[in-house]
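Visitor: can you look at this prediction? I've put the sequence above it.
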Amino acid sequence: MRTDTPRPIRLKNYKPAPFTIDKVSLDFQLDRTATRVTSRLHMRPNPSADTPTADAKSAKAKSTRSAKGSKAEASTGTLVLDGELLELESLKLNGEPLPRSRYRVGKETLTIRQVPRAPFTLDIVTTCNPEANKALSGLYVSRGMFCTQCEAEGFRRITYFLDRPDVLATYTVRIEADAEAASTLLSNGNLRERGTLAEGKRHYAIWRDPHPKPSYLFALVGGHLASIASTFTTSEGEHVDLRIYVEPGKEDRCGWAMDALKRSMAWDERRFGRAYDLEVFNIVAVSDFNMGAMENKGLNIFNDRLILASPQTASDATYAAIEAVIAHEYFHNWTGNRITCRDWFQLCLKEGLTVYRDQEFTADERSRAVERINDVRRLKLSQFPEDAGPLAHPVRPASYIEINNFYTATVYEKGAELCRMIATLLGEAGFRAGMNLFFERHDGEAATVEDFIACFAHVSGRDLSQFMIWYQQAGTPELVCSLDHDQAAQTATLHVEQVLPPTPGQQRKKPLHMPLALGLLAPDGEELALKLKDGDVVENGIIELTQRRQSFTFEGVRERPVPSLLRHFSAPCNLTIDLSDHDYAFLIAHDRDPFNRWQAVQSFVTRTMQRFITAARTGKNPGSADQLIEALRAAFFDRKLEPAYRAELMRLPGETALARIIAHDIDPDAIHKGCHQVMRAIARALGPEFEKLYRTTKPKRTYDPSAEQMGLRAQRLAALTLLAYRGEAADKDRVVQHFKGANNMTDQSAALYLIATHVPAARQATFAAFHERWKDDHLTINAWFAAQAMVPTASTLERIKTLQRHALYSATTPNNVSAVVNTFATVNPVQFNRADGEGYAFLADEVLKANAFNPQLAARLMTQLRGWKTLEPQRRKRAQAELKRIAKAPGLSNDVFEIVTKMLD
Ligand code: ZN
C-alpha cells in the first residue's frame with residue numbers, strides 16, 4: 001500500500017541484475033497461517049552487470065552463467081533482495097549466521113552489505129501467512145488448497161529473492177505437509193522423491209526443474225486433490241505423463257481440458273516444431289484466481305472456470321475458452337518459458353506472441369473465418385477503447401507504476417496483431433523461418449522485442465525498423481481511404497491516409513508500416529486482378545503502407561469497382577471509406593473474403609443503428625431499415641454458409657459496440673432505444689425465416705463439443721435470440737420452452753440470459769429453477785449471478801447488492817465479483833449508466849472494497865469506467881465524482897492509484 005506518490009519504473013533505466021542466482025533450493029513446511037520457507041541461493045556477482053547494456057540487447061542470461069567472473073571485481077558488494085510481508089527467521093552467508101549489522105530488513109527489501117565478490121551461498125529462513133493472503137499473489141489458500149501465483153512479482157511474497165525475469169536459476173523444491181490435508185504436493189519440473197514422516201502423519205515430495213527459469217514461473221500446490229491422467233509421446237520419442245488436478249468429485253469435468261492439451265502439444269510440434277521438454281505436465285484448477293491461468297513451468301495453474309466442463313455445467317463458449325487457454329498456457333512453454341522476457345516492458349514478447357499462437361491453433365482446429373471474426377470482435381470491444389481512452393499505452397509501454405496494470409488488451413490482443421502483421425508481410429514460410437531463428441538464438445535466455453524483430457529482419461532481408469514503431473506508439477491508426485475511377489484511362493486509384501490520433505503523452509506520431517489486404521470487385525461481383533500502374537505486382541492481394549499519404553493506381557479497371565479493404569483485418573486500424581448502403585449490400589453479397597463479408601454486415605447494421613440512435617435523441621424520423629433488411633435476408637439465408645459462420649453473421653453489434661463507435665456525449669438510453677428498434681425491425685421482417693431456421697437446425701441431442709455441433713447450436717440460438725427481440729408472445733414462450741427443454745448448459749444459459757433480458761414474466765420462476773438446480777455448485781452458480789445482473793430494470797442494482805450476501809457469493813473470489821460487477825457494467829449499460837449515478841457509486845464502492853485485500857482485482861474493476869469522458873455531460877459529472885472519491889480514499893494501492901490518476905488526468 002502506498003504512503004506517498006509512487007515513482008514510475010522506466011524502460012530506459014533498465015540495468016542487468018548486479019548478481020546472478022544460478023541454483024535455488026527451497027524447502028516448504030506448509031502451514032495455513034505460518035508456512036516456513038528455507039531457501040538456499042547459490043549466487044555470484046553478474047559479470048555483465050556494469051557493462052551498460054543498450055535497451056536493444058538481451059540479458060544473455062545463459063552466457064553470463066557460464067562466463068568466468070572477470071568483471072566480478074567491480075560489483076558493489078551490496079545485495080538488495082525483494083521481499084514483502086515476510087517474517088525473517090534467520091540469515092546465513094556461506095553457512096555463517098550474519099550479524100545484525102550486516103543486513104537491514106525494509107518494507108519491501110532485504111539489504112545485505114559486504115557480500116563476497118566470489119560465488120557465495122545465502123540461507124534464508126522466512127515465514128509467510130497463506131491464509132491471510134487474499135491478494136491471490138504469492139502463496140495462498142483457495143478452498144483449503146495451498147497454491148501460488150508469482151507472475152509478475154509474487155515470488156517476493158514467498159521468500160527474499162531477485163524477483164525479476166532476467167534472473168534465471170534451476171530450482172529444487174522440497175515440500176512437507178500434513179499427509180491428509182495436503183495429500184498432493186506439486187512443484188515445477190520432475191518428481192525426484194517422495195516419502196512419509198511422523199508415522200505417516202506428514203509427508204514430503206521433492207521436485208527438480210532442470211530448465212533455468214525466472215522466479216515468476218515458480219509454482220507450488222498442496223492440497224487434497226483428485227486427478228485424471230493421460231500420456232503423450234513427443235515427436236522426439238519422449239514419454240510425458242499428463243495430469244489434471246481438481247477438487248475431489250470434479251474429475252469427471254476434466255476430460256475436455258485434457259483433450260485440448262494433447263491437441264495443443266501435437267499442434268506446436270506440427271506448426272512450429274516445438275516439442276515438450278519434461279517428464280510430466282501438470283495442471284491444477286483453483287477457485288480463487290486473479291486471471292485466467294498461469295504458465296508455470298511444468299505446473300500450469302488455472303482458474304477452475306477454465307478447466308471444469310461437462311455438457312450440463314459448461315456452455316460452448318466455456319468449452320471454446322478452455323481449449324484456447326489450455327493451448328495458450330501450453331504454448332508459453334516455448335514462448336515465455338524457454339525464451340523469457342528481459343524485463344516486464346517486454347511482456348508482449350511472450351503474451352502477444354502466445355496469443356497469436358493460440359489464435360492460430362483455434363483457426364486450425366476449428367474455422368479460420370470464425371476465429372478471425374472473434375479475434376477482431378474482441379480486439380475492437382476491448383483493445384480499441386483502451387487505445388482511445390486515458391489508459392492508452394504502447395504494446396511495449398515505456399513506463400509503469402504497477403506492472404499488474406499492464407496485462408492489458410493492448411499487450412495481449414494488439415500484441416498478437418503485430419505478430420500477425422509480421423506473418424502477413426513475410427508470408428507463412430518467412431514467419432516460420434523467423435520463429436526458428438528466434439528459438440535458435442534465444443533459447444534459455446531473457447530476450448527483448450528487438451531480439452525478436454531482428455530474427456524476422458534477418459531471415460527476410462527486410463528492414464523492419466519502421467515496423468518497430470508499432471511497439472512504441474499508442475493509439476489506433478485510422479486509415480482514411482477513397483477510390484477514384486478514371487473511365488478514360490481505365491484505372492482506379494486508391495488514396496490512403498494514416499491518421500494517427502494523439503494519446504496521453506504522445507501528441508505527434510510517425511506513420512506506420514503495415515500490410516493492407518484488399519480486393520476490387522467489378523459490378524458483376526467478379527474479383528479484378530490487381531495490377532499496379534508502375535508495374536509492381538500485388539502479391540497475395542497485399543499492398544504495404546509506409547507513408548502518411550499514399551496512392552495506388554490499378555490498371556485495367558473498366559468500370560467503377562467496389563473496394564474491399566483491410567481484408568482479414570490485415571492491420572489493427574479503424575477504416576474510413578465512403579461506401580453507400582448499396583455498396584455494403586453489394587459486398588455482403590459478393591465479397592469472397594469471409595471476414596470482410598462479416599465486416600460489411602457489421603458496418604451496414606452499425607450505420608443504420610446510428611441513424612436510429614440519433615433519431616432517438618433528436619426526435620426526428622429515423623427513416624427505414626428496409627435496405628439493410630434485404631441485404632441481411634440475402635446474407636443470413638445463403639444456403640452455402642457453414643452454420644458457425646452464419647451464426648457470426650447473425651450476431652449483430654450491441655449497445656457497447658455502438659457506444660464505442662459514437663465515442664462522445666454517449667446517451668446509453670438513446671443507444672438502447674435505437675439498437676432495439678433496428679433489432680426489432682429485422683426480427684419482424686425476417687421472423688418467419690428465423691422461425692424456420694430455429695425449427696430446422698437440429699444439433700445432436702447428446703452434447704458434442706465439436707466445431708460442427710457448436711456451429712449448429714450457435715445458429716439455432718442466433719435465431720432464438722433475434723426472435724426474442726421481436727417479442728411476440730410466441731417468441732417469449734419459445735425462449736421459456738428452450739430453457740425448460742435444455743439438456744446442456746449452452747442451451748440452458750443462453751435461454752436464461754434471454755429470459756433475464758427479454759421475458760420479464762418468466763424471470764422469477766426461471767431464476768428459482770436455475771438456483772435450485774445449481775445451488776451446490778460454486779462455479780456454475782456464476783451464471784445465475786450474471787443473469788440477474790443483466791436484468792434491464794431499475795431494481796437490478798438493489799438486487800445485485802442482495803446477491804452479494806448470498807451463501808455462494810464470496811467477495812474475495814474474483815469469479816463471483818466478476819459475474820456480478822463486470823456483467824452489470826458491460827452487459828447492462830442502461831442500468832450501470834443510470835442517470836442518478838448510482839451504478840458508478842456501486843462500482844466505486846466495489847473498487848474500494850477490493851482495494852483493501854486484492855489490488856489487482858480492484859484496478860481491473862475500475863477500468864470499467866475508463867470511457868467516462870465519452871459520456872454525456874450529466875453522467876460524465878457523476879462518474880468523475882466517483883473517480884475523485886476513489887482518488888481521495890486513504891490506503892490506495894499502487895494498482896488503483898496508477899489507474900485512477902491516469903483516468904482523471
Ligand atoms: Zn499468456
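Guide: Alright, I've got the coordinates. Residues are numbered from 1 along each chain as shown.
Visitor: quick one: low-confidence ranges for this protein?
Guide: Applying pLDDT under 70 to the chain flags residues 1-3, 51-76.
Visitor: which residues of it lie near the ion?
Guide: 351, 354 (C-beta under 5 Å from the ion). C-beta coordinates here come from the backbone N, C-alpha and C atoms, glycine included.
Visitor: what residue of the chain is the furthest out?
Guide: residue 488 (51.2 Å; C-alpha atoms, centre = their mean).
Visitor: give me the buried stretch members for stretch 528-545, please.
Guide: Neighbour-count burial for stretch 528-545 flags 528, 530-531, 538, 541-543, 545 (criterion: 16 or more other C-beta atoms under 10 Å).
Visitor: oops, could you answer that again for stretch 822-833 instead?
Guide: Those buried within stretch 822-833 under the rule 16+ other C-beta under 10 Å are 822-833.
Visitor: and stretch 881-891, by the same measure?
Guide: Of the residues in stretch 881-891, those buried by neighbour count under the rule 16+ other C-beta under 10 Å are 882-883, 885-886, 889.
Visitor: show me what secondary structure element comes after the helix or strand harbouring residue 454.
Guide: According to DSSP states H and E, residue 454 maps onto helix 449-460. Moving toward the C-terminus from helix 449-460, the first helix or strand encountered (DSSP H and E) is helix 469-472.
Visitor: hmm, who's touching that following helix?
Guide: 348, 394-396, 398, 418, 421, 449, 510, 512-514 (C-beta atoms under 8 Å, 6 or more residues apart in numbering).
Visitor: filter those residues to the buried ones?
Guide: 348, 394-396, 418, 421, 449, 512-514.
Visitor: just those: which are in helices?
Guide: 348, 418, 421, 449 (DSSP state H).
Visitor: nearest to residue 573 among those?
Guide: residue 421 (10.5 Å; C-beta to C-beta).
Visitor: from the buried ones among the contacts of helix 469-472, which single one is nearest the ion?
Guide: Comparing the buried ones among the contacts of helix 469-472 against the ion with C-beta to the ion places residue 348 closest, at 10.3 Å.
Visitor: surely the closest one is in contact with residue 396?
Guide: Yes: counting by C-beta atoms under 8 Å, residue 396 is a contact partner of residue 348 at 5.7 Å.
Visitor: mind listing the shared neighbours of those two?
Guide: Common contact partners of residue 348 and residue 396 (C-beta under 8 Å, 6+ apart): 449, 471.
Visitor: so who does the residue of the stretch 551-700 of the chain found nearest the ion touch?
Guide: Among residues of the stretch 551-700 of the chain, the one nearest the ion by C-beta to the ion turns out to be residue 572. It sits 18.7 Å away. Remark: with contacts taken as C-beta under 8 Å, 6+ apart, residue 572 is in contact with 379, 383, 414, 417-418, 476-477.
Visitor: ok, now with 6 Å
Guide: Neighbouring residues of residue 572 by C-beta atoms under 6 Å, 6 or more residues apart in numbering: 414, 417.
Visitor: repeat that for the one 3 residues further on.
Guide: Residues in contact with residue 575 (C-beta under 6 Å, 6+ apart) are 479, 565-566.
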